[in-house]
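J.: sequence-free structure coming up:
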């Protein structure tokens, strides 16, 4: 319990300094006043299905990239999501195993759905992933995202990605930033989310100087 809180606090401190790139907040501005450990569910066996959360998951899986990978949301509640995909030949790397980007995207999708299932818009702030094992063509990969801690402006998640035999092939941690606006406006308007107003420096072409 103390280790989880320490990790959440470390991520919070890092998020505080990175957050202004995404939110316009000045460096050093406190994103969270307090962090609390979340009572995250470990399965969906006992609780009734969350129809609103499932609609969020279905809306998010309808995006082109997620459709391309064949990601399917299976069950959703606020702070928790289970999603899966079947590895096809197109999802392999040159070594004949599942591309790490595929495993990452499945985990990132699950934590994004879990974080938005409450109806409040939340966007990714930072992520990390390790790959303890691998998978191959024909394997079904299942990602289970759980909220581990939360604060006033950020939410902290852990995602396990497993093969059908239970072997863990991906361990993902991520932090979501609470934007505060209702997700329904994005689901209704279907508009792309505005990007941060950070204009890259553009070099002048050779010979253009006076």
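T.: It's in. Everything numeric in this text was worked out from a predicted model, so none of it was measured.
J.: got a list of what residue 110 touches?
T.: 81-83, 143-145, 159 (C-beta atoms under 8 Å, 6 or more residues apart in numbering). Every residue, glycine included, has its C-beta placed from N, CA and C.
J.: Quick check: it vs residue 180, distance?
T.: 23 Å (C-beta to C-beta, to the nearest Å).
J.: same thing with residue 56?
T.: Computed as C-beta to C-beta, the residue 56 to residue 180 distance reads 17 Å.
J.: Of these two, give the one with the bigger neighbour count.
T.: residue 56 (26 against 9; other C-beta atoms under 10 Å).
J.: check contacts around that one.
T.: Per C-beta under 8 Å, 6+ apart, neighbours of residue 56: 76, 113, 116-117, 119, 183, 187.
J.: how about 7 Å then?
T.: 76, 113, 116-117, 183 (C-beta atoms under 7 Å, 6 or more residues apart in numbering).
J.: how about it, secondary structure?
T.: helix (DSSP: H, G, I helix; E, B strand; the rest coil).
J.: Run through who's touching stretch 89-97.
T.: Counting by C-beta under 7 Å, 6+ apart, 69, 98-99, 102, 134-137 sit against stretch 89-97.
J.: which among these gets closest to residue 123?
T.: Nearest to residue 123 out of those is residue 69 (C-beta to C-beta; 20.1 Å).
J.: List phi and psi for that closest one.
T.: phi -80, psi -10 (degrees, to the nearest 10).
J.: thinking it is in contact with residue 102, fair?
T.: Yes: with contact defined as C-beta atoms under 7 Å, residue 69 reaches residue 102; the gap is 6.2 Å.
J.: Out of these two, name the residue with the larger neighbour count.
T.: A side-by-side neighbour count of residue 69 and residue 102, using other C-beta under 10 Å, places residue 102 first with 23 against 20.
J.: Spatially nearest residue to the more buried one (excluding sequence neighbours)?
T.: Nearest non-adjacent residue to residue 102, counting by C-beta to C-beta, 6 or more residues apart in numbering: residue 91, 4.7 Å away.
J.: okay, the one you found: pLDDT?
T.: At residue 91, the model reports a pLDDT of 97.
J.: if I've got this straight, residue 181 is in a helix?
T.: No: using three-state DSSP, the assignment for residue 181 is strand, not a helix.
J.: how far away is it from residue 122?
T.: 10 Å.
J.: Much appreciated, bye for now.
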